[in-house]
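[1] need the 3D shape of this:
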Amino acid sequence: MSAGTVDEATLAAVRAHMKSVRIPGFHDKVYKDECVFSYDDPESPGGLYVSLSSFQGFGESYLPLDHSRTGNGLYLHLVHRRVPLPKAEVEAARQAAQAAGQLLLNAPTYRLDKSQALVVVSGPGPEQRLRIPLPCPDLPERVLQAIDAVVKHESVTQAEALAVFEEPRRVSKYAANLEQLNTGRKISPNPADWRCDETGVKENLWLNLSTGFIGSGRKNWDGSGGNGAALRHFEAGGRKYPLVVKLGTITPHGADVYSYAPDEDDMVEDPGLAQHLAHWGIDIMKMEKTEKTMSELQADLNTGYEFSRITEAGAALVPLAGPGRTGLINLGNSCYMNSVLQVLLTLPEVVARYGGAAGGGLFASAPADPANDLPTQLAKVAVALAQGRTGHVKPAEVAMEVDGEEVVPLPDDERVTAVRPLAFKSCAGRGHPEFSSGRQQDAAEYFTHLLELIARAEHTQAQRLGVTSGGSSGGEQLAALPLPAAFRFNLQDRVQCGESGAVSYKSQPHSLLMLQVPLEAAVNAEAVAEYRDRQAKRQRLKEQSAQAYIGAAAEGASAVAGAAESGAVPAQVSGPGSGAAVVVVAGGEEEAVLPRVPFDACLQRFSGTEVVEDYRSAALGGRATTATKTTRFATFPPYLVMQVNRYFQDKDWTLKKMEVLVPVPDVIDLEPLRAPAGPAPGEVLQPEQQQPEQQQQPAAAAAAQPAQAAAAAPQPDPALVSGLVDMGFGENACARAAVAVGNAGLEAAMEWLLGHLEDPDVNDPLPVPGAAPAAAAAAGAGAAAAAPEADPEKVSTLSGMGFSEEHAKAALQACSGSLERAADWLFNHMDDLDGAVAKVLSEAAGAAAAAAAAPAAGAAAGAGGAGAGSSGPAPVLDGPGRYELVGFISHMGSNLACGHYVAHIKKDGQWAIYNDEKVAVSEHPPRDLGYLYLFRRLPASSAQQ
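    Next up, the predicted model:
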């Protein structure tokens, strides 16, 4: 059908669906850049179909699914195609930019030819689609308005893409009226002429924009960097001239500017940088970058050795692509998420639930807003990685000449072999102060955060996901249990009183094993000390502008390969006397020598005996004494995630990285660390932590003394509860966790929460002190706990937003009492709010009925402590403690707030490196530099060998 005209039959087909057509307003979300179920977009072979009812985008393969789910019949079809530009046109654009005094670094080499059409869908087959090319003024006015509004509306994808980047540097308040002295100095444009005015060094140089002084930058935390001359000049000048620019980073686009002013003391923007540089004879339009920016140095700091090792730089890596080898494009400091997802989605149980045939079922059962549904978005990523469905194909070879003109070849499109998990990042990070930002994060924290989100989703949507609550039997099938069961294990602490010898045992669930690194156990301590001494001498040589340092070496010391004149390594030369002379060259470099700590030493630190001070021993009547504590495995999980803790808190309260090698073997046997089945013969156990008088007190008398009961009952630490709430857990659940672990700390409480997310009463308020025994006496108590009363203040707040009281209570109930999440839940279910509320209320009624039918189980839960529910404890799948390494995540950087993450995964007997969008064969996986390790339990037959 030609553009602009339609017949009456076509208009009738359009009018049949006009009732569902909506015109997007300011607050509507329009998904016109990417399919909500896949990574198809307008540049995909089939283009993208945007519903004129829901404003959600769908790839060609998911168009029939949306039509059958919603009955929507009108879609805006967007198709974009890349067309290479003539080479002469690209060169002309560059020359025009240069003539205007601009430097066009990335001139466009292609254009996007965009076409639009209205598609009327009446069935699942392609033959049941009626395509009307646009523009077409004959279409009904409401349809034309809807199309125009969708085209002009900001895409959700575009808005979220902007949100992932870090906040821009603030403009320095000293830049607008910057005082610049007239010293007559002009700075040479030749970098070879630059040197520190105080020390003469030629690296890491900063120009004071006010005085023209060139000084060396500050020393980094590890001793590298500069000597601080630029800062000393600022201090000597009465702190009057704070702005400095890093020479070597100046380009027509800007430069690194730092403010030494105490009220800024950070990287800043200088809007007048071009004029300020011109004062010193520097033409910003003619400058080229010769040094790394501070952002680049931040990632490179102290990582030269580990970066080349972890990314296997210098090796001819063979690229991989396709199913199981699909990359994840970095969204801006999202490598921590990419690495965790790649490792998590290598588990066959996760792939089967989210990435295989079940993935299509999750799309079919997705809620009205699939973009905000975690299982749907996890399935979207899992299907792409497991099946290699990126939504893009390698373009066909195009002729180098079009109409007689030579064209520029189309650039490689990373979307052919990788996908952009922007929708997943937004969904998984929503409401979290850190994971919703564009800042770098700790991969271990993200793993536990993601595991908690998945556990919550699998608990609330168990039927949809085919998940059973399970029990603690090892015979449970992992494929049907919640995902946290794959990682959950129990650690048992044995504490023995130093005076009485009485012993207590306590088990706690965990999902991540943290190993500390004992640096004192390094097997190459002497070589490390010698290397650091040579590095210190090199630094002194640079500061003194000397060329070499000659010192005496110990007699018999082995020669170090390489020649001094090459500047590669320190060399030894013959000399008089009993020793050799060691020549340290100022500009010399050598491979870093890092401490090497055996893996067994880390296990020994974990399982060793720890002295506990100020231990309150029940055997001594609660008197303080010392005790010894040992930790063992009570159970072993199917998959063990191990964190090698390479970070420590320095004296200035900042996290610093411990540069150390820990060779982790391919197979580990932890069975020797399994806890005994029970107390050893002759052991005396600690008495119960109760006073005999309270045990003998009748229930009626206890009810008559609520004040005494309240004083005896443990209370949650408010600071600990607040820290857990900040991680996204419900307040009631956090209070229960704090009480359950005796306010032992954030990590212990978080581990407890992850192990009890499936408990039906985990989000109930703590029982009133002294009332717990009576609560189990009535069958209605379980029903009351299954649906706790909503906080009136929170209900009032939501009602003030225009929602009914019933809707507000249901939202709070669905979101564990969290006001922020409840508000988000209400807005996300606006399309069918009554239906969503009815579903929540019906589920609550079912839970209440189940609780009322099992009062005995509820009573047992109350006796067992907070967090235990009528369904029993969270499932723990115990088995042999022998594992094989199947993947690990490495971090490069000075601390967890910067740097880069890379994953190495073993599939089909072959190691592969997953460096964001790049996937390749790994020839030498750096198992000694990992941060998080994933181990898979070996089969019983293998474990016995």
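[2] which residue ranges of the stretch 751-900 of the chain form strands?
    882-892, 900-907 (DSSP state E, counting those that start in this stretch).
[3] nearest to residue 335, out of the ones you listed?
    Residue 335 lies closest to strand 900-907 among the strands of the stretch 751-900 of the chain, at 4.3 Å (Cβ to Cβ). Heads up, the C-betas are built off the backbone N, CA and C, glycines and all.
[4] just put the strands of the stretch 751-900 of the chain in CSV and tack on distance to residue 25 and mean neighbour count.
    Formatted as CSV, those follow (distance: least, Cβ to Cβ, whole Å; neighbours: other Cβ atoms under 10 Å):
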stretch, distance to residue 25, mean neighbour count
strand 882-892, 43, 24
strand 900-907, 40, 24
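[5] would a markdown table of these with distance to residue 30 and mean pLDDT be doable?
    Formatted as a markdown table, the strands of the stretch 751-900 of the chain follow (distance: least, Cβ to Cβ, whole Å; pLDDT from 0 to 100):
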| stretch | distance to residue 30 | mean pLDDT |
| --- | --- | --- |
| strand 882-892 | 36 | 94 |
| strand 900-907 | 32 | 93 |
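[6] out of these, which gets nearest to residue 175?
    Of all the strands of the stretch 751-900 of the chain, strand 900-907 sits nearest to residue 175, with 31.5 Å by Cβ to Cβ.
[7] could you point out which element follows the closest one?
    As assigned by DSSP states H and E, the chain's next helix or strand after strand 900-907 is strand 910-915.
[8] the stretch 401-550 of the chain: strands as residue ranges?
    401-402, 405-406, 418-419, 489-497, 503-510, 513-516, 548-552.
[9] buried deepest among those strands, which one?
    The highest mean neighbour count among these, using mean count of other Cβ atoms under 10 Å, belongs to strand 418-419: a mean of 26.
[10] for that one, name the packing helices and strands.
    strand 327-328, helix 374-387 (3 or more Cβ pairs under 8 Å, 6 or more residues apart in numbering; DSSP states H and E).
[11] just give the strands next to the shortest one in its sheet, each with its orientation.
    If I follow you right, that is strand 327-328. strand 418-419 (parallel) (DSSP bridges).
[12] and the strand it pairs with, how far out from the chain middle?
    Distance of strand 418-419 from its chain centroid, counting by Cα atoms, centre = their mean, to the nearest Å, is 17 Å.
[13] quick revisit: save the strands of the stretch 401-550 of the chain as TSV, and put in distance to residue 7 and mean pLDDT too.
    Formatted as TSV, the strands of the stretch 401-550 of the chain follow (distance: least, Cβ to Cβ, whole Å; pLDDT from 0 to 100):
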stretch	distance to residue 7	mean pLDDT
strand 401-402	36	57
strand 405-406	40	75
strand 418-419	41	94
strand 489-497	68	94
strand 503-510	68	91
strand 513-516	70	94
strand 548-552	89	50
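[14] which residues of the stretch 651-800 of the chain fall in helices?
    Secondary structure of the stretch 651-800 of the chain (DSSP state H, counting those that start in this stretch): helices at 692-696, 699-703, 706-712, 718-726, 731-740, 746-755, 772-775, 780-786, 792-799.
[15] what residues of the fifth one count as buried?
    So the one you mean is helix 731-740. 731, 732, 733, 734, 735, 736, 737, 738, 739, 740 (16 or more other Cβ atoms under 10 Å).
[16] does residue 371 belong to a helix, a strand or coil?
    helix (DSSP: H, G, I helix; E, B strand; the rest coil).
[17] that one: how many residues sit nearby?
    Residue 371 is flanked by 24 other residues according to other Cβ atoms under 10 Å.
[18] repeat for the one 5 residues further on
    By the criterion of other Cβ under 10 Å, residue 376 has 24 neighbours.
[19] re earlier: I'd like the strands of the stretch 751-900 of the chain as CSV, with distance to residue 114 appended.
    What follows is the strands of the stretch 751-900 of the chain, written out as CSV (distance: least, Cβ to Cβ, whole Å):
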stretch, distance to residue 114
strand 882-892, 40
strand 900-907, 36
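[20] tell me the one of the buried residues of helix 731-740 nearest residue 217?
    residue 734 (44.1 Å).
[21] the closest one is in contact with residue 725, isn't it?
    Yes. Here residue 734 reaches residue 725: they are 5.4 Å apart, a contact under Cβ atoms under 8 Å.
[22] circling back to that earlier point, wait, which of the helices and strands packed on strand 418-419 is closest to residue 912?
    Of all these, strand 327-328 comes closest under Cβ to Cβ, at 10.5 Å.
[23] and whichever helix or strand comes after the closest one, what does it pack against?
    Beyond strand 327-328 in the direction of the C-terminus, DSSP H and E gives the next helix or strand as helix 335-344. In terms of contacts (3+ Cβ pairs under 8 Å, 6+ apart), helix 335-344 is packed against strand 327-328, helix 374-387, helix 422-429, helix 443-460, strand 882-892, strand 900-907, strand 910-915, strand 930-937.
[24] after helix 335-344 comes which helix or strand?
    Toward the C-terminus from helix 335-344 - assigned by DSSP H and E - lies helix 348-350.
[25] which positions within stretch 180-189 qualify as buried?
    Quick answer for stretch 180-189 (16+ other Cβ under 10 Å): 180, 187.
[26] how about residues contacting it?
    194, 207, 209-212, 214, 247, 276, 279-283, 286-287 (Cβ atoms under 8 Å, 6 or more residues apart in numbering).
[27] what's the span of it, first residue to last?
    19 Å (Cα to Cα, to the nearest Å).
[28] from the middle of its chain, how far away would that stretch be?
    On the basis of Cα atoms, centre = their mean, stretch 180-189 sits 47 Å off its chain's mean C-alpha point.
[29] same question for stretch 442-460.
    Its chain's C-alpha centre and that of stretch 442-460 lie 11 Å apart, by Cα atoms, centre = their mean.
[30] same question for it: list its buried residues.
    So for stretch 442-460, counting by 16+ other Cβ under 10 Å, buried means 442-459.
[31] residues contacting it, please?
    336-337, 339-340, 344, 374-375, 378, 428, 432, 434-435, 465, 467, 482-484, 487, 511-512, 641, 643, 727-729, 750, 753-754, 757-758, 814, 889, 891, 896, 901, 931-932.
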